[in-house]
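Enquirer: build me a structure from this.
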Amino acid sequence: MLYPLFLTFHLFAALIFIGTVFFEVLFLESIRKQLPAKVMLLVEQGIGRRARTLMPWVLLVLFGAGLGMVWLRYLPVLATPLASSFSTLLLLKIVVAVSVLLHFLGAMFLFKSGRMSARYLHFIHGSLFCHMVVIVLLAKGMFYLTW
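Expert: So this is what the prediction gives:
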């Protein structure tokens, strides 16, 4: 009974996180060219403040539910990660997800220490975007790819 609950929380948290990253990369970058610099700065500051308060909770739910799913169902599969395509792809997905978490923690550190720059932010968003694409492909591939 717990697994479906963890899965639902995991999927909703993933939707929020991935949606936020996609919005920032695909929409905000093109909007930047259409708005005056002062307006864009206010928009970015508002979105940034909201993201910094909401995303830690989203990531807590995302990773907490993911760990719960691993504990309840996938721990035996991960004991032999090269035994099947499913276990290999799951392990890769977890590795990429840990990289996402490290990106987020690094970004939070840069914000807290006052060293976050537009260049760092642009790099982190682009990297997270690529990570999200890989995670989605791995998540679907786990159930459809075999070798």
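Enquirer: show me what contacts Leu101?
Expert: Leu59, Phe63 (Cβ atoms under 8 Å, 6 or more residues apart in numbering). Placement of C-beta: from N, CA and C, glycine included.
Enquirer: farthest residue from the center of this protein?
Expert: Pro36 (29.8 Å; Cα atoms, centre = their mean).
Enquirer: contacts only, for Gly126.
Expert: Val25.
Enquirer: got the buried residues for the helix or strand containing it?
Expert: Using DSSP states H and E, Gly126 sits within helix 118-144. For helix 118-144, burial by neighbour count (16 or more other Cβ atoms under 10 Å) applies to Leu121, Ile124, His125, Leu128, Phe129, His131, Met132, Val134, Ile135, Leu138, Gly141, Met142.
Enquirer: cool, and stretch 67-75?
Expert: Quick answer for stretch 67-75 (16+ other Cβ under 10 Å): Gly68, Met69, Tyr74.
Enquirer: follow-up on the earlier one: make a markdown table out of the buried residues of helix 118-144 and add pLDDT and distance to Phe27.
Expert: Formatted as a markdown table, those follow (pLDDT from 0 to 100; distance: Cβ to Cβ, whole Å):
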| residue | pLDDT | distance to Phe27 |
| --- | --- | --- |
| Leu121 | 89 | 15 |
| Ile124 | 95 | 17 |
| His125 | 93 | 12 |
| Leu128 | 96 | 15 |
| Phe129 | 96 | 12 |
| His131 | 98 | 18 |
| Met132 | 96 | 15 |
| Val134 | 98 | 21 |
| Ile135 | 98 | 20 |
| Leu138 | 98 | 25 |
| Gly141 | 97 | 27 |
| Met142 | 96 | 29 |
